[in-house]
Structure formats: structure tokens, C-alpha cells
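Visitor: Output the structure for:
(one chain, ligands or ions: 3)
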Amino acid sequence: MTDPSAATGFSSITDTLDRLAIEVPSWAYGNSGTRFRVFGTPGTPRTVEEKIADAAQVHAHTGLAPSVALHIPWDKTDDYTALREYAEGLGVRLGTVNSNTFQDEAYKFGSLTSADDAVRQQAVDHHLECLEIMGRTGSRDLKIWLADGANYPGQNDLRQRQDTLAESLRTIYDQLDDGQRLVLEYKFFEPAFYSTDVPDWGTSYAHVSALGEKAMVCLDTGHHAPGTNIEFIVAQLLRLGKLGSFDFNSRFYADDDLIVGAADPYQLFRIVVEVIRGGGLDADSEVALMLDQCHNIEEKVPGQIRSVLNVQEMTAKALLLDREALAQAQADNDVLAANQVFMDAFFTDVRSDLAAYREERGLPGDPMAAFRESGYLDRIAADRVGGTQSGWGA
Ligand code: AOS
Ligand code: ZN
Ligand code: ZN
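Guide: Ligands and ions are numbered 1, 2, ... in the order given. All right, here's what the predicted structure looks like:
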């Protein structure tokens, strides 16, 4: 066969592939680590502008990452309008604003769930400041992840904290502008080890449903217990119209924040199958696909390039799933045929089709190689002296 894409049906999926956009997090470009050690990398960004410049490299080499998520306070600056213009000048947009109520001494026993009115007000005010910043950066989404929880049974009034959280979220939600959204992320443990105030999708869903249309759930793929069927949660949230965004990453053990698709590419494939099934890649979809990763030992910009390429590769496979044949096998209760159709899509090798697809769009067929050859890492290593850690490594 002369045209390999004819064998896979690749040409039928390119319109949808063209729509694929993955937001990259500003903190992925800073140094990060574990509680044991933060290893520095030459060329680490010293400013938010340098983080955005690195993110722009990911987009320039892949065409997949047109926006950058910010983190407040790690990315605080005096002039957000100027920052927005700077990003646009490099061909990227400023995206989701991530709040932070997990680093101040005041939040030791909670933030939006705190029983202390002054602490709770401080946490609410921080979110209102984020909303103000979003007005200037042109961001749509305020992403809230809370470290709030307890280490010991009896430490907190679990029920009361849900009521307090609902009240705090309502105050923030009521300040959203038209076109802005609040996405509430859940996480089953860490830093709290016994009980977390937003531990699962059900709790997030309960809160965002009570708030209204502009509130949605954020699903971080690393925030589930081992063995959790994440694609089921994806299907359910899409069915309920409440899947606002993804934080993509890989985990082996806890919230490892490794490169998406590195630990279990088949799981990523299954998730993307449900995203497509639920309309998450339709032209009018409002589901935000984001990365939430840290690169503790590997180079950061190529780590991000690898990540968005992994999402693209699994998306291409998922788009190639023969849904008609699958529906027929399901209707026939032909278990093995249905599973085979599913596995055939997963095992289809799309790498050469994707390389050709990129080249047709003026992008490098092999973005990893193109970036390596660009000399960018050597340039930033020489130019940037005294790079700082991302907030995670602080
Ligand atoms: C923390 O575990 C969460 O995954 C957060 O989504 C994220 O890492 C944070 O919002 C960055 O500030
Ligand atoms: Zn996350
Ligand atoms: Zn996380």
C-alpha cells in the first residue's frame, strides 16, 4: 500500500485532530522535586515571562499547546495586561488561573473550609484577587484545588466543613463575570492523610451543581486511588454536563505528576475514547484539556513536548476507533468482538501518519528532535543565571 493513512483511515480524523489544544502549566518549567531533593536545571526560568517563553516553544514545535495556565501567587506580576500582550506576541494565550491556599501559615488547618472566619475570609479574598487577575489576562477558568483536610479522626467536624465550603464557594462564584467559570478539583489524599474536604468527583459535583452553570468539575488523572476506573468518571461527568477540565499526568503510586501517558498509555486511550464519546472534542466543546505535571529530573520543555505528543497520539488512536463495528458487537453482546475492535484501535500505529500530518501543517514531523536541534536549551542555560524553583519545589 502506498498511502499508509488509507490503511488506518487517518485522513478522516484530521479535522478533529486540528482542534486538539492542550494547556500547559507555568509551573512545569520551574524546578520541582520531592521532599528529599530539588535538583536544579540550567536555564530554569527566573520570571513568569521566561516560563511563558518556554511554553511558547512547546506550541511552536507541536502546534498543540496554544495556552499557558498561571498560578497565583507564583506568577504574580505588576502588569497583567502587559503579560497578556507578551504571551500573545509569542503566539500563546494566558489560560486558567490556579489559586493557592496551601502555602501560607494561616492555612494550616484549612482555607475555604476553615472554622476561623478571618482565615476563611483571607482565602475567599485570594480567590477574588484571582478573578480580578483573570479579567486582565483574559482567562476563562478559575481552578480551585484545596489542600484542606484532616490527619486524624476527630480532628475536624467533617459535616460542618462541607457547609462552610459551600458558603465560601458561593461567595466566590457570585463574583464570576459572564464567560468566566469556576472549576473545582478533587483529590483523594495529600497533604491531608485521613480526610480531604474535596476528595472525590462526587463531592466536587455536589458543590458545583449547587453553585450553578458556571461551576464545573476538574478531573486530575493522578488524584484517584489505584485501580479506579477513571474513564467511567469521565463518561459520567460528561453525561451530566459537568466536566469542566482535565489535569493530565501519570501516576504509579500517589500524585506523581509524571508525563501523561508514561505510566499507562492504554488508560489515557480509554479516557480519550470517553472524551470523544461525550462530545469533549466537538467543535463547541468547553472541556479544557490541561497538563498538571512536574519534571523533577528530566528537561522541562522537552518533557512538555513529549506530554502533548502523547495526548495527540492517544487521541488519534481513539478517533480511529471503529464506533460502528463496536456498536454492532455491543448490540450482539459479542464480548470478544467488541473488545477486539477496541484493542485494534489502541494498537494502530499512528506515528508515521502523525509525522506526515504535522509536516503538512508546517510543523516538524519529529518535534522532539527539532527542539533538540534548535539549540534552545543551550541558549537559555547561557542566558539565564540564577533560575528559581517552581512553587512546588520551594
Ligand atoms: C494538586 O495536587 C493539584 O493537582 C493542583 O491541580 C495543582 O498541582 C495546583 O493547582 C498547581 O497549583
Ligand atoms: Zn491538578
Ligand atoms: Zn495533583
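Visitor: ok, and for stretch 209-229, which residues are buried?
Guide: Residues of stretch 209-229 classed as buried by neighbour count (16 or more other Cβ atoms under 10 Å): 211, 214, 215, 216, 217, 218, 219, 220, 221, 222, 223, 224. The way it works is simple: take the backbone N, C-alpha and C, and place the C-beta from them, glycine included.
Visitor: show me which of these neighbour ligand 1.
Guide: The subset of the buried residues of stretch 209-229 within reach of ligand 1, by Cβ under 6 Å from any ligand atom, is residue 220.
Visitor: Which of the buried residues of stretch 209-229 fall in helices?
Guide: In helices, judged by DSSP state H, the following of the buried residues of stretch 209-229 are found: residue 211.
Visitor: from the buried residues of stretch 209-229, which is closest to ligand 1?
Guide: residue 220 (4.7 Å; Cβ to the nearest ligand atom).
Visitor: now the closest one, which residues is it bridged with?
Guide: Here residue 220 sits in beta bridges with residue 247, going by DSSP bridges.
Visitor: for the stretch 251-394 of the chain, what spans make up the helices?
Guide: Taking DSSP state H, counting those that start in this stretch to define them, one finds helices in the stretch 251-394 of the chain at 265-277, 300-319, 323-331, 335-347, 351-360, 367-374, 376-383.
Visitor: Switch the ones you listed over to CSV; also include mean pLDDT and distance to residue 244.
Guide: Listed next are these as CSV, based on pLDDT from 0 to 100; distance: least, Cβ to Cβ, whole Å:
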stretch, mean pLDDT, distance to residue 244
helix 265-277, 98, 13
helix 300-319, 98, 17
helix 323-331, 98, 25
helix 335-347, 98, 27
helix 351-360, 98, 28
helix 367-374, 98, 28
helix 376-383, 96, 33
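Visitor: what about those helices, which gets the closest to ligand 1?
Guide: helix 300-319 (14.3 Å).
Visitor: roughly how far is that closest one from the heart of the chain?
Guide: For helix 300-319, the separation from the chain centroid amounts to 13 Å (computed by Cα atoms, centre = their mean, to the nearest Å).
Visitor: got it, and stretch 12-31?
Guide: Taking Cα atoms, centre = their mean, one finds stretch 12-31 lying 10 Å from the centre of the chain it belongs to.
Visitor: average pLDDT across it?
Guide: Mean pLDDT, stretch 12-31: 97.
Visitor: Do it and ligand 2 come into contact?
Guide: No. Judged by Cβ under 5 Å from the ion, stretch 12-31 stays clear of ligand 2, getting no closer than 8.5 Å.
Visitor: How far does that stretch stretch from one end to the other?
Guide: Terminal residues of stretch 12-31 lie 41 Å apart, using Cα to Cα, to the nearest Å.
Visitor: which parts of it are buried?
Guide: For stretch 12-31, a neighbour-count test (16+ other Cβ under 10 Å) marks 13, 16-17, 20-31 as buried.
Visitor: what's the answer for stretch 109-128, then?
Guide: Buried, per 16+ other Cβ under 10 Å, within stretch 109-128: 110, 111, 112, 113, 114, 119, 120, 122, 123, 124, 126, 127.
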